[in-house]
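1. Sequence and predicted structure are below.
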Amino acid sequence: MKFINTILLCLILTGVKAQSGTVPAQKNIQSPQVEKNGTTTFRFLAPNAHKVTLIMDDAKPRIMTKDTGGIWTYTETLAPDVYRYTFGVDGNVLPDPNNPYIKPLFKRALGQSLVHVPGSSNLSWELNNVPHGVLSQHFFKSKLIGDDRDIRVYTPPGYNPKRKAPYPVLYLFHGLTDETSAWVTAGRENIIMDNLIAQGKAKPMIIINTLGYGAPEMFDPGTGQRTKEAYQKNEKLFIEALLTEVVPMVEGLYNIGRTKKYRAVAGLSMGGAQALDAGLNHADMFDYMGSFSPAVILLDPNWEKAFPNLNSTVNQKLKLAWIAIGKDDFLVENDRKFITWLKSKNINYQYKETEGVHSYQVWRRYLTEFVPLLF
């Protein structure tokens, strides 16, 4: 029960507990409205609602106020960045119906709205006049998991499928409740990569975003499958699908190097735990591993079982194990314990704690710092 409560807390804090509800018709409402100084106003038309709140990444209560026309409003000055938000309307959690900029959720009709507060061009996620890569989507049948799913692919500017030297590849995983587009919609991975490559800070590489669910039935309504055992099944089948289906498929589709020196793996939250699993348990497959705010609570709580063969010999195989988390992230205590356990196993790693919560404001910066270390 404690495990399940922790997962529920994760969903609540990140504002992703989407519930069914009818979104009121919105007429001539601008939301969000972003001023040049970062002052941002959110609006929602709900004349019959009793209480409307703005839900953002930091989970701080933001009570909206209603005017005589039934429009609820909240204004705050935000630092340049991209923020997730939803509205809490009398018990329902809804995206902003006036804002087309959204991050979808897996198997849910309602997602999270996104607001971009523009900043200087030197911020890695700001769109600049540089050569741009290409985003593609591929569908395939997973024989292992038994469903139809997709991968998203970023190819760098000037990608040449016939280039003599193959391209390196980063397998980049999303978090719990997200789907394959999350690192593009909220993470702005393609913009970050375009900028880093143009600045000479990162080598041109391919990025693969694959669906992070080995047990997607966990999200089916009324299944009651959000158990500790289900999460471990999810992890086991995800790794198997990655190694036996995704990696061979993309190496057949793209001009990608087929040895470990060309491969890196990274992810955030659930995907951060999956990156730990892939990198530390399969160092014969990957040379680089990055784990951003890893949800190690989704792995077997007995880390000796989660990493059964892990010992100091991995230090000769894995060139980089990079782990980071925000100081105010609700997962930080679990991650600190995991780092202590890695230290007891004499595993080489780089670990840092930064300002921030469990949010893409943190993860975009981690990706920006991690990618230049690769290849």
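-> Happy to help now that I have it. Numbers count the residues shown, from 1 in each chain.

2. C-alpha only now, for contacts and for neighbours.
-> OK.

3. Now do stretch 144-152: everything it contacts.
-> 135-142, 180-181, 208-211, 214-215, 237, 241 (CA atoms under 8 Å, 6 or more residues apart in numbering).

4. For E355, give me its contacts.
-> For E355, the contacting residues are G326, K327, D328, V362, by CA under 8 Å, 6+ apart.

5. Would you mind checking those residues for buried ones?
-> Buried members of those, scored by 16 or more other CA atoms under 10 Å, are G326, K327, V362.

6. From those residues, which land in helices?
-> V362 (DSSP state H).

7. For stretch 31-40, the averaged confidence score.
-> Mean pLDDT, computed over stretch 31-40, is 97.

8. for that stretch, the distance to its chain's centre please.
-> Distance of stretch 31-40 from the chain centroid (CA atoms, centre = their mean, to the nearest Å) equals 25 Å.

9. State the number of residues packed around the residue lying closest to V130 once chain neighbours are set aside.
-> Leaving out its chain neighbours, the residue that sits closest to V130 by CA to CA, 6 or more residues apart in numbering is A198, at 6.4 Å. Number of residues near A198 (other CA atoms under 10 Å) recorded here: 18.

10. if I look at A198, how far off is I191?
-> Between A198 and I191 the computed distance is 11 Å (CA to CA, to the nearest Å).

11. and if you look at L280?
-> 29 Å.

12. the more surrounded of those two?
-> Comparing L280 with I191 by other CA under 10 Å, the one with more neighbours is L280, at 24 against 19.

13. Report the separation between that one and T177.
-> In terms of CA to CA, L280 sits 24 Å off from T177.

14. Low-confidence stretches in the chain?
-> For the chain, the stretches with pLDDT under 70 are 1-27, 222-225.

15. what residue lies at the spatial centre of it?
-> The centre of the chain sits closest to H174, judged by CA atoms, centre = their mean, with a distance of 3.6 Å.

16. For burial, what's the neighbour tally of the residue nearest to that one when sequence neighbours are not counted?
-> Nearest residue to H174, sequence neighbours excluded (CA to CA, 6+ apart): G271, at 5.1 Å. Number of residues near G271 (other CA under 10 Å) recorded here: 29.

17. got it, and L342?
-> Using other CA under 10 Å, the number of residues around L342 comes to 17.

18. Now do the phi/psi pair for it.
-> In terms of degrees, to the nearest 10, the main-chain angles of L342 are phi -60, psi -40.

19. what do you get for F338?
-> Phi and psi for F338, reported as degrees, to the nearest 10, are phi -70, psi -40.

20. Grab the nearest non-local neighbour of Y159.
-> Distances taken as CA to CA, 6+ apart put G133 closest to Y159, at 7.8 Å, once the chain neighbours are dropped.
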